[in-house]
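Q: Structure, please.
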Amino acid sequence: MAKSIWAIDPTHSEIGFKVKHMMFTNVSGKFNAFEATIENEDDQFDTSVVSFSAEVNSVDTNNADRDNHLRSADFFDVEQFPKISFKSTEIKKINEGQFKVSGDLTIKDVTQNVTLDAEYSGLMKDPWGNTKAGVSLNGKINRKEFGLTWNAALETGGVLVGEDIKLAAEVQLIKQ
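A: Sure, this is the predicted structure:
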């Protein structure tokens, strides 16, 4: 068996999230600075070990005031916790191209095991001869489980920021 090492192609990848705002609309965001390394046997996705991290300071919701609030101690507290990380513990094949990726997600020094749905698009050569792989990942976490507890009550009832965070990543990998 041959070991393969892959790196994320940041120019063709996006790490994003959505959260309910005022209980009825979604606000989207993403991280602009991130890296990942994937190691596997014979280019088989289900043998992969995934290591990922994102620079929290790179959070981007298309609103500078909101981004600065997210970087503050009310939310991510980038001064103390500059990175979010994920390390896979298991990848289980569900059917052709469909997988469950489980692993340890760490936000603000709190680690929780999470499971993400993954769609593996397979391998392809780009015009320059590089071997690429494509993966889409989706899942949901409760932000309060990671110490992201800030909120504000609304006059009409409910809260400003939802607890559930939908995660979505579109990732292109380059074989090293």
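Q: Would you map the strands across this protein?
A: 3-8, 14-21, 25-31, 34-41, 49-55, 59-60, 83-95, 98-107, 110-125, 131-142, 161-175 (DSSP state E).
Q: Remind me what the fourth one packs against, helices and strands.
A: In terms of contact count using 3 or more Cβ pairs under 8 Å, 6 or more residues apart in numbering; DSSP states H and E, strand 34-41 is assigned the packing partners strand 3-8, strand 49-55, strand 161-175. In this view, the C-beta of every residue, glycine as well, is placed from N, C-alpha and C.
Q: Need the ones you listed in a markdown table (columns: distance to Ile107).
A: Below are those laid out as a markdown table (distance: least, Cβ to Cβ, whole Å):
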| stretch | distance to Ile107 |
| --- | --- |
| strand 3-8 | 19 |
| strand 49-55 | 10 |
| strand 161-175 | 10 |
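Q: still on that earlier bit, rebuild the strands of the chain as CSV, extending it with distance to Leu148.
A: Converted to CSV, the strands of the chain look like this (distance: least, Cβ to Cβ, whole Å):
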stretch, distance to Leu148
strand 3-8, 24
strand 14-21, 10
strand 25-31, 13
strand 34-41, 18
strand 49-55, 14
strand 59-60, 12
strand 83-95, 11
strand 98-107, 7
strand 110-125, 9
strand 131-142, 9
strand 161-175, 8
